[in-house]
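Enquirer: A structural model of the following input is requested.
(2 chains)
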Amino acid sequence: MGRGGASSQTPPSSQNEPILSALVLCDTFTQDFRPLTIQRPKCLLPLLNVPLLEYTLEWLSAGGVQKAVLFCCAHAHQIHAYIARHPKWGSHFVPAEGAAAAAAAGDAAASETTAAIKKSSKTRPGAMEIHVLVSHACKSVGDTLRVVYERGTIRTDFVLCFGDTVANFPLRSLVAAHRTRVKKEGSVMTIVGRRVSPGTRRARYGEAEVQIALDNVTSQLLALADDDNDDGVATLRVNREWFEGRFVVKCRSDVQETQIYICSPEVLSLFQDNFDWEHLRKDFVQGMLIEGAELGKNLHVTLLEDLQPVPDTPAVPKPPTHYYACRAHNLRAYAAMARDVMKRYACEPISVDRNLLHPVAGTAQLGWDVTDGVSSTYRRVRVRGPRMDSYYAEDGVSISDDTAGGAVFVGGDSAIGAFVGGDSVIGSGAILGRGCRVLGSSVGRGCIVGQGALVVNSHLMNGCSIGPGCVLKDAFVSEGCVVHPGATLSGGVVLARGTVIGAGVNVPPGRRLALMLPPRDDADDSDDDTMGDMLRGRAEGEDGGMDGGGSTHSDQLEPPSAAVQAAAASAGGDHAGGAEILREARLPAWDTEGVGAGGAGWRWASWESFGCGSLAVPSMNAFVMPMPESRRQDVVGQKGGGGDNSDSDDDDAVRAGGAKEVSAAGDGDWPFQKEVMATFLRCVRERFDQTNAVIELNALKIAEDRTFADCARYIAVTLLMFALPAPSGRRRVEAQDEVLFNSTLSVEELRGDAGQLKMLVAKLRAQLKTWGALLQRFLKSVDDQVELLLTLEEFCGEEEDFQGMHGELYAPIFPHVLKEMYEADVLTDEAILKWAEEKEGADEEDLVFVKKCAALLEWLEEEDDDDDDDDDDDDDDDE
Amino acid sequence: MGTRAHASHGTHMFQAIVTYAKPPTKQQDALAPLLDNSAKALLPVANETLIAYPLSALERAGFASALVVVAGAADAESVAGWVSEKYPGAMNVEVVAVPEEFGSADALRLLVKHGRITSPEVLLVSGDLLTDVSVLALCATHRVAAAASTCLLYSRSAAAKPNQPPDEKAFKRALKAQGAMFVGIGDVAGTRRVVHFEPCTSVERELDVSRRAMWACESMVVRTDLDDAQMYCLSSAAMTDALLGDAPGAANISDVQSQLIPALVARQFDNAAGVVGLAADATTHEVSHKFLHRRESSLSSVPETMEQTKGRDHLLRSSSDSLPPSLVKGSSLMSGSHALGQHGGVGAPCCAFVYGEDAPPTAEAMDGRGYCQRICTLTTYAEANRDVTGEAVRLAEHLKKYVIETGAKGHVDSYIEDTSVEMGQRTVLGAGSVVGAGSRFGDKCSVKKSVIGTHCVIGNGVKISNSVVHNHVSIGDGCVVQNSVICSDVTVQEQANIRDCFIGASYNVTAGAEHRDETLSTMNQS
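Expert: Okay, here's the model as predicted:
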């Protein structure tokens, strides 16, 4: 136990280099994962059935770190116990001192195990020593580093990272480069970055925009801009002064901060000196950028892409083809990391079937305790079929694949004929029901997935139970949850331990549910203004700080026993009994909207960084640049908190967000019309063929719940508008679409000139040639066509919905327009005649257009008669 | 290969315009002492008028004609006189006068208004540029990217001392250099673009980098070691729109470098304007084909204007008529591939062409690095004279006709125009010296790395080094002239000692006078 203090005197390694330490922060002081992290620290949350911390430690150990210090705040006890019992790390475990010692001692079993392991196994030279450092008083990263400084745990260069990091890059070369820079350029910290385009970073990892400025030669960090307004938008200011020391400054918006830092010990003392520094980025980095120059201390950035791919240890047979690093700072990043590992994007040595990691997940209560000391035993199984598909199955899962058309999965002794694919990960003892499909998901040990259930991009923890016919998309289901048959969980639903979902319930997207009550509002309102930054400290960390009446520092946050009983009752089908138990315990009723009848769980607010933190697949909107400068200033004034920042892209926003846009009074049908126009214009601009255009427009129709005729009306109007100058004022289209319109002639020119009007007809003919068939697709009946005719009337009369579109130019040639449409088979004679018929007896002013068409109508009638005659003739012939 | 094919036809799409418009206010007096009597275009550089250099560059690139724009009627007249009498090249050169106070963009606007811009693309060359860049490569880059503008940039630092790491002072000097720009370059959809273009002088604390630009190119570099050679390819349509369009401030654009180019650069990421540029470009594709034929049929580009502009109008109209399919040729490439990352499409690009980095310099270029130099200050004037007789001698077509005396190790020693030059006894012409016709030297003179004009009279024992002496200058016995420029008709009386000076035309340096680091002209003499 006394080794912690002595470590500073550890003799340097044979290369005469100071030992390399790592400080792993096991508390992130954020709340993005709530309520999953109430009962356990985030670093023990399984990613593909392996705790996140395992990935971090394995990487550090492979990178030559000799001493890893796990800094724990909340749930320190669990981390302590986890490491102590761990077959690999436990043997080099140096238990916590001081405050944590008591907690450690409380877990006698753990101590004994440790002792036993220590006695039995010889300490391998060069193996990573693990220290656990506990301090409950810390409220931010800054506090943490000050504690580390005060206790003198780390006195050499160290790697600073979080306990939820997945990485595979070699540390040694990076550290060596850092040490050179320390001497040459006064560097105190190397920030490790990864190249990810800004759109992807936002959409895939749910990160705010970050822009950095670097010296082109030395990679010295000159500036780092992040989202100052919590709207995900950053503005880099390029300073003239920088050019007094260099010719070239590189500005990048494609660097993802991995939040892995190579630090000189000085970093600790700098935090000590600046006792008010809390956040690494906001305080330390910005502080150093301002004051560092005077002190001669600089920060540098290294991109993983720039590292030479040299394996750290010759023992690794296949060095990774590229390097990967990411941390689970929110659920979307968690899902992305799971995909990255499953799809082997985060390649060797962390692929699932390499079995490097220990799947020590779950808790004693649920029967999935520490493993017997072996790594996981996954195999990769190719799915036979047209597509290259595969999944990973753990030992103890029996598989037979003698049926064509997909894998047949037999878990335990039931179920045959489940389809598993999309690189899913299946833990041992999982039972997959007949006809169920599991795609791109992880299924924990002992999970039960009922017959016919669909599980897509979801994460099922050990021992949860999914009833037959359930649909899970982008969902997270914790240990011991029960989802009754036929329920639907989609759009990022998160269930914490023990939650029960009633049969057939459609859980609202994004709902987070737990068997514990969320903290009262006043408990941690104090800091919700600073939620944007993962590194921002806060009074109550993610993992700690339940307002449990003095139990703040207790690791054992358990749900109220009554709730557990009630949930058990619900899970067993006795919902009424469960409700009764709740009442007796004076607990509030379940969130019935979320869990449904027969479910159990309370609702937790889901806080998501600028709408990008959910498990669910992001909307296309997220790829779009957050907000253009020009608009920003206009909007900032009106904006309340800074949530929805993407009105820069109206059409996308509306498509994605459904019918959010409330039409202003007097706007008539304009919002929808605008949508149709925008969509159609996009199809024209990007030269979609008709099939794709139909798909696009159909999607819009469904999203807005409209009729085919509604779409057709506005498409037709748009076609007519092409020959006219681009609409102005409120009807203005996107600037990029303006070129699609006829810009060479003004309205006046067109108005005056009969020849020009003829030209309009000719142009319309050309348009109909291209898009007539599309219109036909959307005009399903004669009534639809009549609808269209009425619309055309309104358009040419420039009535309410069509003001400013110059439709009146068509008024004089209205009959010609109809004729063209008739010729193009968009309108049938039947429809035109029906239209005229309907108008009969209307007011004089409503008859303007019908009258104009008198000649056409007459002609059509004749035609019609002729047809009839013909038909008659035919009939006659037949007879 | 594709590029080369483009290039071989490239110049047909281009209309070359050499401009001697008024430089922006701060720069205009820099050459003043040298321009007492003559137009800038006629300033001698290594005994050849300045205008001959850009014209010969254009001719080398295969241009058949060029328009020379000169500010001020008097200057224009003298330039026109030079063209008709002394222009040695084969191009069809026409001189157009614009009002004296007109900047380069004003001049362009005027040309547009008068229908003188007849090609889909314009190659605008600052009249004071000496370069051996492959104009074809520049034009090809422009065409391939369907760009609104393409700027020729060259690295100042590389030209200085490649092996020596630049020091603090060099950085600061770069910031303060005349015409220094913050140039932001980034890759967008595969083209190397200028994404930021801002004069250093107009930046007090922070650069005004557009967020759209940052978003679009993900990674960009902002450099201060690049100089703008002021040779631009401009899409006529984009230029017309920028100068005469209804964008706010369009009418106030007076200078190309400091106003027009920044405007075009900004438009790339500004949807409203950017797409106009694109559409315009789509039309120019069509226009250009039509013109190619016309161009070839009528070589004289001058009198056809009326008819052509009419034709173009018609084309513009018809091209926007044929709607969905024919539209947006180049643009779909550009906006399509980036549709995910960007909000909507991207405007027509402003390309960067960094000489020596983007294209290999011409084969004969020294040190594997091209030559680019604008004569806009007294210093650059002196440097250019030295360079043209030294490392950049390939630019000086006229020197090929000179009598070349070869020195000891086979190095070219000196150029003497013809036999009318009289040399005194034991007078030595050192490396890189040029002497114009009819000049006479006394005995025991020494001339090193200097240019002596025509009909100069140099006394006995005169030492001239690193200097430029214009025509009809007389220098008395025993004078020493170092690092100086002496304009025409100056009299330097005997035993004068001149170092680091610029002496305006007709100045009289008294006997035995010592001048150090001075600018002397008749104005301050009287």
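Enquirer: what about A:Leu740, how many residues nearby?
Expert: If you count neighbours by other Cβ atoms under 10 Å in any protein chain shown, A:Leu740 ends up with 23. For glycine as for every other residue, the C-beta is placed from the backbone atoms N, C-alpha and C.
Enquirer: test my guess that it contacts A:Glu686.
Expert: No. Checked against Cβ atoms under 8 Å, the pair A:Leu740 and A:Glu686 is beyond contact range at 11.1 Å.
Enquirer: for the residue most central in space within chain B, give its distance to chain A.
Expert: Closest to where the C-alpha atoms of chain B average out (Cα atoms, centre = their mean) is B:Leu129, at 2.7 Å. Per Cβ to the nearest Cβ, to the nearest Å, B:Leu129 is found 22 Å from chain A.
Enquirer: contacting residues for that residue?
Expert: Shown in contact with B:Leu129 (Cβ atoms under 8 Å, 6 or more residues apart in numbering or on different chains): B:Tyr53, B:Pro54, B:Ala57, B:Ala229, B:Gln230, B:Met231, B:Cys372, B:Gln373, B:Arg374, B:Ile375.
Enquirer: among the residues you listed, which one has the most neighbours?
Expert: With neighbours taken as other Cβ under 10 Å, the top of the contacts of B:Leu129 is B:Tyr53, carrying 28 neighbours.
Enquirer: tell me which helix or strand in chain A has the weakest average pLDDT.
Expert: With mean pLDDT, DSSP states H and E as the measure, the helix or strand of chain A carrying the lowest mean pLDDT is helix A:650-657 (a mean of 35).
Enquirer: ok, then the element right after it?
Expert: Once the chain leaves helix A:650-657, the next helix or strand it forms, by DSSP states H and E, is helix A:670-685.
Enquirer: where does pLDDT dip in chain B?
Expert: Scanning chain B for pLDDT under 70 picks out the ranges B:1-11, B:25-29, B:36-37, B:156-166, B:270-347, B:358-370, B:407-412, B:523-526.
Enquirer: hey, where'd the helices end up in the stretch 1-150 of chain B?
Expert: Taking DSSP state H, counting those that start in this stretch as the criterion, the stretch 1-150 of chain B carries its helices at B:2-10, B:52-60, B:73-86, B:104-113, B:135-144.
Enquirer: ok, back up a step: bridged to the residue nearest to the centre of chain B, which residues?
Expert: B:Arg374 (DSSP bridges).
Enquirer: residues contacting the spatially closest residue to B:Ala39 that is not a sequence neighbour?
Expert: Of all residues beyond its chain neighbours, the one nearest B:Ala39 is B:Asp75 (3.7 Å), with distances taken as Cβ to Cβ, 6 or more residues apart in numbering or on different chains. Contacts were defined as Cβ under 8 Å, 6+ apart; by that measure B:Asp75 touches B:Tyr20, B:Ala39, B:Lys40, B:Ala41, B:Ala97.
Enquirer: and the third one, how close does it get to A:Lys88?
Expert: The reference is to B:Lys40. For B:Lys40, the distance to A:Lys88 under the criterion Cβ to Cβ, to the nearest Å works out to 79 Å.
Enquirer: same question, the second one
Expert: Distance from B:Ala39 to A:Lys88, counting by Cβ to Cβ: 84 Å.
Enquirer: of those two, who's got more company?
Expert: Taking B:Ala39 and A:Lys88 together and counting by other Cβ under 10 Å, B:Ala39 has the greater number of neighbours (22 against 19).
Enquirer: contacting residues for the more buried one?
Expert: B:Tyr20, B:Val70, B:Gly72, B:Ala74, B:Asp75, B:Ala76, B:Ser78, B:Val79.
Enquirer: in JSON lines, list the helices of the stretch 1-150 of chain B along with distance to A:Tyr391.
Expert: As requested, these are exported to JSON lines (distance: least, Cβ to Cβ, whole Å):
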{"stretch": "helix B:2-10", "distance to A:Tyr391": "46"}
{"stretch": "helix B:52-60", "distance to A:Tyr391": "66"}
{"stretch": "helix B:73-86", "distance to A:Tyr391": "79"}
{"stretch": "helix B:104-113", "distance to A:Tyr391": "65"}
{"stretch": "helix B:135-144", "distance to A:Tyr391": "47"}
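Enquirer: pick the most deeply packed of those.
Expert: Comparing the helices of the stretch 1-150 of chain B on average neighbours per residue, with mean count of other Cβ atoms under 10 Å in any protein chain shown, the densest one is helix B:135-144 at a mean of 24.
Enquirer: I'd say B:Gly127 and B:Ala41 touch.
Expert: Yes. B:Gly127 sits in contact with B:Ala41 when judged by Cβ under 8 Å, with a separation of 5.6 Å.
Enquirer: shared neighbours of the two, anything?
Expert: When contacts are counted by Cβ under 8 Å, 6+ apart, B:Gly127 and B:Ala41 are jointly contacted by B:Tyr20, B:Leu50, B:Ile51, B:Val68.
Enquirer: out of these, which touch chain A?
Expert: When Cβ under 8 Å from any Cβ of the partner chain is taken as the criterion, no member of those contacts chain A.
Enquirer: and those residues, which is closest to A:Ala338?
Expert: Among the shared contacts of B:Gly127 and B:Ala41, B:Tyr20 lies closest to A:Ala338 (Cβ to Cβ), at 66.1 Å.
Enquirer: burial count for the closest one?
Expert: By other Cβ under 10 Å, neighbour count at B:Tyr20 equals 27.
Enquirer: who's in contact with the closest residue to it other than its chain neighbours?
Expert: Ranked by Cβ to Cβ, 6+ apart and with sequence neighbours excluded, the top spatial neighbour of B:Tyr20 is B:Gly127, at 4.2 Å. The contact partners of B:Gly127, by Cβ under 8 Å, 6+ apart, come to B:Val18, B:Thr19, B:Tyr20, B:Lys40, B:Ala41, B:Leu50, B:Ile51, B:Pro54, B:Val68.
Enquirer: then B:Pro99?
Expert: Taking Cβ under 8 Å, 6+ apart, we find B:Pro99 in contact with B:Ala71, B:Gly72, B:Asp106.
Enquirer: let's have these in a markdown table, adding distance to chain A.
Expert: Supplementary listing: the contacts of B:Pro99 in a markdown table, determined by distance: Cβ to the nearest Cβ, whole Å:
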| residue | distance to chain A |
| --- | --- |
| B:Ala71 | 32 |
| B:Gly72 | 36 |
| B:Asp106 | 26 |
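Enquirer: which residues of the stretch 101-250 of chain A lie near chain B?
Expert: For the stretch 101-250 of chain A, the residues in contact with chain B under the definition Cβ under 8 Å from any Cβ are A:197-199, A:211, A:216, A:233, A:235-241, A:243-250.
Enquirer: in the stretch 1-150 of chain A, what residue lies closest to chain B?
Expert: The minimum distance from the stretch 1-150 of chain A to chain B, using Cβ to the nearest Cβ, falls at A:Asp32 (25.0 Å).
Enquirer: helices along the stretch 651-800 of chain A, start to end?
Expert: When secondary structure is read from DSSP H, counting those that start in this stretch, the stretch 651-800 of chain A shows helices at A:670-685, A:690-704, A:708-722, A:735-738, A:747-752, A:754-778, A:782-796.
Enquirer: can I get the shortest one in CSV, CA atoms only?
Expert: Right, the one you point to is helix A:735-738. Written as CSV, here are the backbone C-alpha positions of helix A:735-738 (Å, rounded to 0.1, in the frame of the first residue of the first chain):
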residue,chain,number,x,y,z
ALA,A,735,-30.5,32.6,-54.4
GLN,A,736,-29.0,29.5,-56.0
ASP,A,737,-32.3,28.7,-57.6
GLU,A,738,-32.8,32.1,-59.0
